[in-house]
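> fold the following.
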Amino acid sequence: MSGGTYFALRGCMSPVMSGKPSIEWHTCPFTGLPVEMAEVRAGGPKGVSIRYQCLTRAESCRPDVCPLYPPEGEEIARGGPYELPYRAERGFCSILMSALGGDGANTAAKLLFEVALTEMGLDGGLDAKYGSEKTGTPTDVSIRLTDTAAPVRASGPTRRPHILVVFHPQLTRSLGLLEGVRPDATVIVNTTGSPEEARELLELHSGTVRVLDATGIARRAKSRLNMPLLADLCRVMGFPDASLEGPISRKWPRQVEANLAAFRGAREEVRAVYFPAAGRFPLRPPRSLATRVGYNTMLNGSAIRASEFLSAPKPGSRRSLLAAPAFNREACIDCVLCLTVCPDPGALVWRDGKMAGVDPGYCKACMRCVTVCPTTKKGKALTAP
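Numbering: from 1, shown residues only. Modelled structure (predicted):
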């Protein structure tokens, strides 16, 4: 048999990228057998071509159907070094991902950051901000990337993002997400509406609005909300899809098919429109919080208004945006397993020793109750929406 395996096409193998040919052992994702890979590099006027020859020939290999076996001798040309899509004064590209706890924004940012450092040769920093009760609370993840030798001295959330990823556009104004967004920025929005409608909702000064129904894609693939949005962010950054598919497979080996289906499902549904600065919406400066400093001064955020947080959430609030599990009373056997794993017992409504339903006002949509709910002859009492 003859053929070759290409990391840049599929992302299933990850040999060490070095300046000289190297031979390493890897596990074939199709046969599960150890395979020996040789890295072959060749320089040319258009850049550097990289080819990986598979040195292992197994009886179970099927080059006629395996996508990891393109025609022998085929090469992949790189047209020069990677270029960041945006660059600030000191050479940094800033990304801000806004979500709710449980959406997977923090994990998606870590995967992107890992690929940026290990595969794309970049440097930078990552910072995540969320409350003590993470699930259901606003979560902001900031990524700073640079391809220069500039030292990374900044830490904490980014105040001037070039790229903004919005998991829940309904929270844009209440969280002040557009404050500090740079002109001609790129905004990725999870919505079923058009880019024009998203721009009106965001009141974006100028830039590119990219919309996709990430919620629908994730539900159809039975995955998380972060996979489709991570896929589009990967394209905005100019990262090959294959560079993320490998880390995704290693991160969740039991959910490979579902996560990759959601990741690849974003390819066909993205709609993008560029809006020039026409004076319709102002360019908002970043928010700055000024507070007194001293041992007798309470910091911002330390005071909790009981009247706001101890009452049932109102329709349209951040917690009502989370989809609660569907409840089937006929299939319920009142085993109380759901109550033992629920982080907010107020979400489970019980009357006279029997479960009566789920209160969406308190449910955090963690789906732990769905996981432990037993399957009876009548089915599961709690199912994902």
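> use CA for all of it now, contacts and neighbours both
Noted.
> tell me where the model's unsure across the protein.
Counting by pLDDT under 70, the ranges of the chain that qualify are 1-81, 131-135, 148-149, 289-295, 297-322.
> what is the burial count for Pro282?
By other C-alpha atoms under 10 Å, 12 other residues sit near Pro282.
> so it is in contact with Ser206, correct?
No: with contact taken as C-alpha atoms under 8 Å, Pro282 and Ser206 are classed as non-touching, separated by 9.2 Å.
> state the distance from the nearest residue to Pro276 once chain neighbours are set aside to Thr340.
Nearest residue to Pro276 in three dimensions, chain neighbours excluded: Ser206, at 5.0 Å (C-alpha to C-alpha, 6 or more residues apart in numbering). According to C-alpha to C-alpha, to the nearest Å, Ser206 stands 49 Å off from Thr340.
> who has more neighbours, the two?
Ser206 (23 against 11).
> give the contact list for that one.
Residues counted as contacts of Ser206 (C-alpha atoms under 8 Å, 6 or more residues apart in numbering) are Pro183, Asp184, Ala185, Tyr274, Phe275, Pro276, Ala277, Ala278.
> just the buried ones among those residues, please.
Pro183, Asp184, Ala185, Tyr274, Phe275 (16 or more other C-alpha atoms under 10 Å).
> for Leu126, state which of the residues you listed is nearest.
Nearest to Leu126 among those: Ala185, at 19.5 Å, using C-alpha to C-alpha.
> contacts only, for the closest one.
The contact partners of Ala185, by C-alpha under 8 Å, 6+ apart, come to Pro161, His162, Ile163, Leu164, Ser206, Gly207, Thr208.
> how many neighbours does Arg210 have?
26.
> ok so, going back, distance check, the residue nearest to Pro276 against Ala365.
With C-alpha to C-alpha as the criterion, Ser206 and Ala365 are 34 Å apart.
> related to what we said a few turns ago, for the residue nearest to Pro276, give me phi and psi.
phi -160, psi 160 (degrees, to the nearest 10).
> and the helices in this structure?
7-10, 105-118, 172-175, 195-202, 214-221, 226-237, 241-251, 256-265, 306-309, 337-341, 368-372 (DSSP state H).
> burial count for the spatially closest residue to Leu202 that is not a sequence neighbour?
Spatial nearest neighbour of Leu202, chain neighbours left out: Thr172 (6.6 Å); criterion: C-alpha to C-alpha, 6+ apart. If you count neighbours by other C-alpha under 10 Å, Thr172 ends up with 17.
> before we move on, the earlier item: just the contacts of Ala185: which are in strands?
Ile163, Leu164, Gly207, Thr208 (DSSP state E).
> scan the residues you listed and report the most crowded one.
Comparing the ones in strands among the contacts of Ala185 by number of neighbours (other C-alpha under 10 Å), Ile163 comes first, having 26 neighbours.
> what sits against that residue?
By C-alpha under 8 Å, 6+ apart, the contact set of Ile163 is Ser94, Ile95, Leu96, Val181, Ala185, Thr186, Val187, Ile188.
> and for Phe113?
Leu126, Ile143.
> how far away is it from Tyr86?
16 Å.
> repeat that for Leu112.
16 Å.
> name all residues that make contact with the residue lying closest to Ser98 once chain neighbours are set aside.
In this structure, Ser98 finds its nearest non-sequential neighbour in Asp140, 4.7 Å apart by C-alpha to C-alpha, 6+ apart. Applying C-alpha under 8 Å, 6+ apart to Asp140 gives the contacts Leu96, Met97, Ser98, Ala99, Ala105, Ala128, Lys129, Tyr130, Pro157.
> which of these fall within strands?
Those of the contacts of Asp140 mapping onto strands are Leu96, Met97, Ser98, Ala99, Ala128, Lys129, per DSSP E.
> coming back round to it: state the distance from the residue nearest to Pro276 to Gly346.
Per C-alpha to C-alpha, Ser206 is found 43 Å from Gly346.
> check Ser194 too.
37 Å.
> hang on, the earlier thing: biggest separation within the buried ones among the contacts of Ser206, which pair?
Pairwise distances across the buried ones among the contacts of Ser206 peak at 11.7 Å for Pro183 and Tyr274 (criterion: C-alpha to C-alpha).
> how about the strands in the stretch 51-200 of the chain?
Ranges of strands in the stretch 51-200 of the chain, per DSSP state E, counting those that start in this stretch, are 76-78, 92-100, 123-129, 138-146, 163-166, 185-190.
> dump those to CSV, plus distance to Gly353.
Output for the strands of the stretch 51-200 of the chain, formatted as CSV (distance: least, C-alpha to C-alpha, whole Å):
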stretch, distance to Gly353
strand 76-78, 65
strand 92-100, 33
strand 123-129, 40
strand 138-146, 34
strand 163-166, 41
strand 185-190, 40
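> mind checking the ones you listed for the one nearest to Ala381?
The nearest among the strands of the stretch 51-200 of the chain, by C-alpha to C-alpha, is strand 92-100 at 26.2 Å.
> before I go, just wanted to say thanks for your time.
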